[in-house]
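J.: take a look and give me a structure for this.
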Amino acid sequence: MRSHERTARRYAKALYDVAHEAGAAEVIGQETEQVAAISVGDAAARDVLTRPWIKPADRRGVAMAIAQKVGARKLVQDFVGLVAERGRADHLPEIVAAYRTLVDAELGRTRAQVRTAVALTDGEKRELSGKLEHALGKRIILEEQVDATLLGGFIAQVGSLIFDGSLDGQLARMRQRLARG
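T.: Residues are numbered from 1 along each chain as shown. The predicted model follows:
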């Protein structure tokens, strides 16, 4: 495991503990996710937050200003300020992912990364989500990604489990059966 991930998990756990105690774990996660998206997505912000030669107090100020601009609570402002001040702003995406995992575990849900050849309709999303929920016994949040390289169907990954309902996968399994005789 990379030290990046270990560090991210520690920061996420600390934020989660405080947010959970305040009874706002999910909202704090959403606000932190918004700040992270801007901090990583905006080139100027990313440069200021990740450059080691910029004073820690300046990095903190920029991170807190971004959080304030999106309307984040004081807890989120202080948290992202601390992360930036300590030179860990480049860890924000991993921190958000680790935090999301903690909140999902608390709420009895899990995320499924679903790759499809074409975008799923709302009905197809509900049906797929329902089948995955039935198979896993947890509430599922679908994170859909269109993958034009797939011929059809879907590939869903939930943690280390992979459900291959793609046409590519079916053809590969058919090829294996024919090769075995």
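
J.: only C-alpha atoms for contact and neighbour calcs from this point on.
T.: OK.

J.: what about the residue nearest in space to the middle of the chain, distance to residue 11?
T.: Nearest to the mean C-alpha position of the chain, by CA atoms, centre = their mean, lies residue 97 at 4.0 Å. Using CA to CA, to the nearest Å, we find residue 97 at a distance of 11 Å from residue 11.

J.: what of residue 93?
T.: Residue 93 sits 12 Å away from residue 11, going by CA to CA.

J.: higher neighbour count, the two?
T.: The neighbour count for residue 93 versus residue 11, taken as other CA atoms under 10 Å, is higher for residue 11 (21 against 18).

J.: that one and residue 159: what is the separation?
T.: In terms of CA to CA, residue 11 sits 21 Å off from residue 159.

J.: try residue 44
T.: 34 Å.

J.: next one: residue 58
T.: 38 Å.

J.: which of those two has more residues huddled nearby?
T.: residue 58 (15 against 10).

J.: could you pull up the residues touching the closest residue to the more buried one other than its chain neighbours?
T.: Counting by CA to CA, 6 or more residues apart in numbering, the nearest residue to residue 58 once its immediate chain neighbours are dropped is residue 85, at 7.8 Å. With contacts defined as CA atoms under 8 Å, 6 or more residues apart in numbering, residue 85 is in contact with 56, 57, 58, 59, 60.

J.: and if we set it to 6 Å?
T.: With contacts defined as CA atoms under 6 Å, 6 or more residues apart in numbering, residue 85 is in contact with 56, 59, 60.

J.: now do residue 114
T.: With contacts defined as CA under 6 Å, 6+ apart, residue 114 is in contact with 143, 144, 155, 156.
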